[in-house]
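Chemist: The following block contains a protein sequence and its predicted model.
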Amino acid sequence: MTKLFFRALVSGEALAQLYERRKMLRPSEENRTRAAVASTTVLFLLTMGFLVTMAWMRHDAEAWLAKRPNIHALAVAATPWAATAVVAKTCESGRDCFEKLSAMPKAAVDLEKYALELPAGLAGSALAVTLFRAELDPARFGAFPVATRTLVATLPAFSFRRADLYVDGAFQGTTWDDGRLTYAFAAESLKNAAKPLQVQIVFEAHGEQIHLARAGLPKLASLDKTVAVMPLDDYRAWQEFVASDKAGRGDFIGAIARIAMAVFVLVLFLLIDSSPETLGLGLFLGFEAFAISLGFGWLPLENVDFLKHYAFQMGDIFRIYFFLQLARMIDKRVAPWLLWGTVISIPHGLLRHYGPAFDLTWLFHISRIRDMIAGGIGLAVCVRAAWYLRDKKLPWRVLALGVAALGAFEQVFDSGGQYVPALRDHFVYQTIVDLLQPIAAWLLAFAAFLNISTLENRVRTLSGLEARAKEMEKEMELGRVVQKAFMNLPKMPDELRMVCHHEAMLYVSGDTYFVDWNEKHRKLTFLINDVTGHGVQAALKASGVSVIANTVWSDAQGPWIPGKMEAYARMVTQFFEKMDSTPDVLAMAGGEFDVETGALELFRVNFPFPLVIEPKGDTWSLTLLPLPSAKLVPYQMSDGAFVVLTSDGMLDNSRRTTEFLRYMKKQLAGIGSDLDADRIKALVLACPLVADRKDDDKTLTVFHWQRDAAKRRLSA
């Protein structure tokens with residue numbers, strides 16, 4: 001099956017064989033095993049516990065600091081900073097860099113305006129710069145409790161590859177990849193200090209990096225722009241608050257989005273849907289959400305690095321499982337993934353937990369590379385499966401795969417961009433990441449829900465069997481009568497003619513047409529709505545749409561209000577939003593015709609283009625009007641012209657439409673001036689492209705205007 005999987009990436013035949021083999025394996029119901037239910041239950045409880053904990057956290061920095069008198073914070077402008085010029089990294093060790101840079105002249109800098117000035121020829125290489133000599137002056141901080149033994153100093157946020165921290169020339173530690181710089185020291189050393197503590201940092205910046213100090217960035221959290229000194233106990237609370245204080249930035253919103261979505265999807269699997277796609281999404285989001293939540297310090301544990309990195313890796317493993325299940329290219333069983341994922345993730349968690357103590361710097365790249373691999377696999381399989389299904393009449397599955405591919409692209413783009421400095425520091429890249437990162441989890445969840453909706457084919461088959469039962473036939477027949485009652489044609493003047501056709505795939509449908517004649521203003525309105533789905537659920541929505549239409553055009557005596565089509569489209573959209581948390585997409589088209597002037601205003605949203613048939617001497621011309629979506633378009637009708645609207649159950653793509661136009665031109669070529677709306681309706685329904693379609697509702701309206709029709713009838 002492994003060979004067949006790789007062949008399926010380039011061969012449609014192999015992909016079809018994979019689908020068939022997969023059907024012979026365990027059904028999706030067997031995913032509700034003890035291991036699966038236990039894993040999802042534990043992850044649900046852990047992530048829900050985090051959300052409850054977050055509800056108690058504060059987000060007002062000034063109010064929170066007022067309640068913490070032992071935390072003394074200074075704005076960056078209140079602390080003097082100095083920096084050397086930027087030089088290439090030629091020293092062999094961190095200490096060598098420190099001694100070399102300490103001997104260089106330093107100049108005062110403003111952190112909120114400071115930018116790295118790269119010497120010529122230095123772009124793309126590793127950089128070294130000493131920034132600060134920042135001074136921690138005991139006189140600038142207030143008193144601490146007498147029993148305080150350990151103080152922690154936190155510095156503002158910076159962007160860097162590596163930072164070596166020195167205090168009074170003594171090495172304190174190394175921080176990697178934009179980590180928060182902190183310094184712990186005995187409280188007595190600050191009380192007894194005769195002069196300010198000299199804090200010096202040797203930065204190794206990313207190649208082509210522009211901003212080192214992040215104090216000037218407007219989106220930075222307020223506490224990330226301060227120098228603060230506090231007791232150790234208060235520092236733990238500080239860490240928790242800084243995490244919550246980042247609200248409003250893309251990374252924090254993305255984290256919360258993943259946690260909230262994890263809770264939802266885990267419940268979805270536990271209570272409603274046990275498909276492998278939902279299970280994969282639940283485990284992927286659950287493990288990742290649990291790992292993210294550990295960064296907020298809500299568990300009563302001192303060091304949770306092992307758990308965090310274990311959960312992150314398990315999340316990426318099940319991200320791949322989810323993508324492969326969405327593309328339906330592997331076995332549905334989840335137990336092997338839980339087993340081998342744990343075998344792989346435990347060593348990874350241990351390495352990330354103990355690696356920094358041994359200066360294993362390459363470990364910090366594992367997460368990004370793993371993200372790129374997982375996202376790359378997801379992007380490849382989703383695009384491949386969507387391309388294979390493009391002409392299989394499975395639009396919802398193709399859409400689901402496309403949405404999932406966008407979510408996978410975000411992961412590759414975000415992680416990969418970190419290795420391209422020119423891209424990483426560009427505002428366009430940062431904007432795209434800020435937009436996609438918070439919604440990436442929702443995109444993948446949306447893809448899973450869309451994929452679940454493809455079960456409608458099975459539901460449709462069962463509904464067809466039930467509809468054959470005698471009692472069901474009676475109920476459905478009653479529903480058809482009720483639905484048709486909404487589609488009566490009004491009495492119109494002789495020069496106007498409307499012919500309509502409505503054919504449900506089942507007894508009732510989501511298609512509906514509406515015609516209104518306003519005698520006072522001499523205006524005719526006609527439109528077609530196409531509600532997503534089939535059967536009773538679609539018919540109920542279609543009935544609501546019909547009621548809205550009657551409401552919009554019900555005032556026959558009042559002043560005529562222009563733009564009714566647009567108002568109607570907005571009301572239907574609002575109706576869909578109230579009906580479902582994932583509302584249907586509006587699909588409708590229609591026109592408003594002024595009998596006195598022959599002016600027609602056409603309007604369409606996500607609907608096939610209207611067809612206009614006009615007399616040209618003894619022949620007829622056919623024009624397909626490519627109307628823009630959701631915009632009123634004026635069109636001057638010629639005397640004797642026809643306007644034809646068809647739902648997508650008749651013409652749903654450009655190829656079918658092109659063949660239909662050829663058919664109509666051929667049929668009308670031998671017809672003289674004796675053409676009416678009934679004849680056009682008969683020609684449309686007789687077209688093989690229309691007649692042979694049995695998989696959707698079909699609705700048609702034909703509008704005909706002939707100014708002197710009444711006079712001809714009287715003379716005859």
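Modeler: Thanks, I have the structure now. Numbers count the residues shown, from 1 in each chain.
Chemist: So which helix or strand of the chain has the lowest pLDDT on average?
Modeler: helix 709-715 (a mean of 46; mean pLDDT, DSSP states H and E).
Chemist: Tell me the spacing between Trp298 and Leu46.
Modeler: In this view, Trp298 and Leu46 are 10 Å apart by CB to CB, to the nearest Å. C-betas here are computed from N, CA, C, even on glycine.
Chemist: should've said Trp64
Modeler: 26 Å.
Chemist: In terms of packing, which of these two has more residues around it?
Modeler: Between Trp64 and Leu46, counted using other CB atoms under 10 Å, the more crowded position is Leu46 (21 against 18).
Chemist: Grab the nearest non-local neighbour of that one.
Modeler: Distances taken as CB to CB, 6 or more residues apart in numbering place Phe290 nearest to Leu46, at 5.0 Å, with adjacent residues excluded.
Chemist: same check, this time on Glu410
Modeler: Nearest to Glu410 is Leu436, by CB to CB, 6+ apart, at 4.0 Å.
Chemist: pLDDT value on that neighbour, please?
Modeler: With respect to pLDDT, Leu436 has a value of 73.
Chemist: Remind me which helix or strand it belongs to.
Modeler: Element membership of Leu436 [criterion: DSSP states H and E] is helix 427-452.
Chemist: same deal with Phe607?
Modeler: Per DSSP H and E, there is no helix or strand for Phe607.
Chemist: Could you give the secondary structure assignment for Leu602?
Modeler: strand (DSSP: H, G, I helix; E, B strand; the rest coil).
Chemist: what's the answer for Tyr166, then?
Modeler: strand.
Chemist: give me the number of residues near it?
Modeler: With other CB under 10 Å as criterion, Tyr166 counts 22.
Chemist: Spatially, which residue comes closest to it, not counting chain neighbours?
Modeler: Gln200 (4.5 Å).
Chemist: Give me the below-cutoff pLDDT ranges for the stretch 501-650 of the chain.
Modeler: 506-508, 533-536, 581 (pLDDT under 70).
Chemist: which stretches of the stretch 101-250 of the chain form helices?
Modeler: Assigned by DSSP state H, counting those that start in this stretch, the helices in the stretch 101-250 of the chain fall at 187-191, 232-245, 250-267.
Chemist: I should have written the stretch 251-400 of the chain there, sorry.
Modeler: Using DSSP H, counting those that start in this stretch, helices in the stretch 251-400 of the chain cover 276-294, 305-326, 335-354, 366-388, 395-417.
Chemist: what's the angle from the last one to helix 366-388?
Modeler: In terms of direction (axes from the mean of the first three to the mean of the last three CA atoms, to 10 degrees), helix 395-417 departs from helix 366-388 by 150 degrees.
Chemist: what's helix 395-417 packed up against?
Modeler: helix 305-326, helix 366-388, helix 427-452 (3 or more CB pairs under 8 Å, 6 or more residues apart in numbering; DSSP states H and E).
Chemist: List the buried residues in the first one.
Modeler: Read it as helix 305-326. 306-326 (16 or more other CB atoms under 10 Å).
Chemist: The longest one too?
Modeler: If you call a residue buried by 16+ other CB under 10 Å, then helix 427-452 has these buried ones: 429, 432-434, 436-452.
Chemist: sorry, back to before: among the helices and strands packed on helix 395-417, which is nearest Phe409?
Modeler: Phe409 sits nearest to helix 366-388 of all these, at 5.7 Å, using CB to CB.
Chemist: For the closest one, name the packing helices and strands.
Modeler: Using 3+ CB pairs under 8 Å, 6+ apart: helix 366-388 touches helix 12-24, helix 305-326, helix 395-417.
Chemist: residue contacts, Arg693?
Modeler: Gly649, Met650 (CB atoms under 8 Å, 6 or more residues apart in numbering).
Chemist: Need the three-state assignment for it.
Modeler: coil.
Chemist: Next one, pLDDT for it please.
Modeler: At Arg693, pLDDT is 79.
Chemist: That one and His502, how far apart?
Modeler: In terms of CB to CB, Arg693 sits 15 Å off from His502.
Chemist: cool, Trp176 as well?
Modeler: Distance check for Trp176 against His502: by CB to CB, it reads 67 Å.
Chemist: same thing with Phe306?
Modeler: Phe306 is 64 Å from His502, by CB to CB.
Chemist: and what of Leu625?
Modeler: Counting by CB to CB, the gap from Leu625 to His502 is 23 Å.
Chemist: Could you do Arg258 as well?
Modeler: On the measure of CB to CB, Arg258 and His502 end up 46 Å apart.
Chemist: swap in Val595?
Modeler: 25 Å.
Chemist: ok, now Ala589?
Modeler: 15 Å.
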